[in-house]
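# turn this into a structure:
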Amino acid sequence: MGNMNEEDGDERRMLRKETPELERLTDLVFGLALSIGALVLISQPPLDSQGILSDVLGFSYSFFILIVIWMRYTAALTFVKAESRGLVRLNIALLFLVALEPYFFFLFTNGPTEFVGGRVDDVSSMLYAIDLAGLMTILAFFSDRIARNEGRRIHPAEVRRHSINRMVFYSSASILLISALPIFWEAVVFGYPLRYYLWAGPLILIVAGSWQAERQFRGAKRP
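Next up is the predicted model:
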């Protein structure tokens with residue numbers, strides 16, 4: 001079993017060496033997105049304690065989602081190489097959505113309230129949900145490729161883990177797309193749009209799915 005773990009580690013390191021440019025670009029884009037998200041908080045300091053709490057919760061959500069996406073994405077690159085033009089475009093699409101995330105986050109947290117034809121925070125929160133749903137869908141596609149294990153030598157435990165990740169990401173994307181419907185902004189609970197409460201769904205799924213996937217992964221790795 002120890003030799004198997006060493007072989008898996010050697011395979012991952014070998015695959016990572018084959019896509020250094022893509023990994024460096026990925027790290028750069030995610031780093032910039034996280035940095036811009038932090039600058040959003042500095043740009044408009046809150047006026048009261050409730051504003052501080054709201055800003056911290058909003059940034060924590062954005063930070064957690066981006067970190068999870070970055071970790072799952074880099075893990076997927078270990079097994080899914082961008083050997084085709086379609087996969088390269090899919091990687092570029094993911095990085096584009098990551099780069100857009102801080103912009104939508106800024107608009108619905110600190111942007112102007114009204115604009116001609118509607119509310120900025122309403123429209124921007126819809127676009128934010130769609131942006132995250134797109135990221136989750138791409139991650140689900142990568143996990144699906146790994147879970148299918150077609151023509152690859154991937155450990156069964158890794159296949160099971162990505163099968164769980166596939167279900168988590170597709171479910172999270174569905175929740176986020178549903179939350180983008182206008183009715184979930186118009187409906188208000190305790191002073192906040194219902195859309196915000198739906199966004200807790202992906203968090204719960206990611207945490208629970210990660211725990212389950214890691215549990216199965218460790219169990220499958222045991223002698």
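# strands along the chain, start to end?
Taking DSSP state E as the test, the strands found in the chain are 114-115, 118-119, 188-189, 192-193.
# rank those by pLDDT, which is bottom?
Ranked on mean pLDDT, the bottom entry among those is strand 114-115, at a mean of 50.
# and for the residue minimising distance to the centre of the chain, nearest residue in space, chain neighbours not counted?
Most central in the chain under Cα atoms, centre = their mean is Ile69, positioned 3.3 Å from the mean C-alpha point. For Ile69, ignoring the flanking residues on the chain, the nearest one in space by Cβ to Cβ, 6 or more residues apart in numbering is Leu135 at 5.4 Å. Where you see a C-beta, it was placed from the backbone N, CA and C, and this is true even at glycine.
# how much space is there between the residue nearest to the centre of the chain and His162?
Taking Cβ to Cβ, to the nearest Å as the measure, Ile69 and His162 are separated by 15 Å.
# can you check Arg215 too?
Computed as Cβ to Cβ, the Arg215 to His162 distance reads 15 Å.
# those two: which has the busier surroundings?
Just comparing Arg215 and His162: by other Cβ atoms under 10 Å the higher neighbour count belongs to His162, 28 against 12.
# tell me, how many residues neighbour Arg85?
Other residues close to Arg85 by other Cβ under 10 Å number 8.
# contacting residues around stretch 194-201?
61, 125, 129, 172, 175-176, 178-180, 183-185, 187-189 (Cβ atoms under 8 Å, 6 or more residues apart in numbering).
# could you redo the last one with a cut-off of 6 Å?
Ser125, Ile175, Ser179, Phe184, Trp185, Ala187 (Cβ atoms under 6 Å, 6 or more residues apart in numbering).
# help me confirm that Ala133 comes into contact with Ile175.
No. Counting by Cβ atoms under 6 Å, Ile175 is not a contact partner of Ala133; they are 8.3 Å apart.
# ok, those two, which is more surrounded?
Ala133 (22 against 19).
# check that one and give its pLDDT.
According to the predicted model, the pLDDT of Ala133 comes to 96.
# which one is it nearest to, not counting chain neighbours?
Beyond its immediate neighbours in the sequence, the residue positioned closest to Ala133 (Cβ to Cβ, 6+ apart) is Leu176, lying 3.8 Å away.
# again, but for Ile206
Leaving out its chain neighbours, the residue that sits closest to Ile206 by Cβ to Cβ, 6+ apart is Val68, at 5.6 Å.
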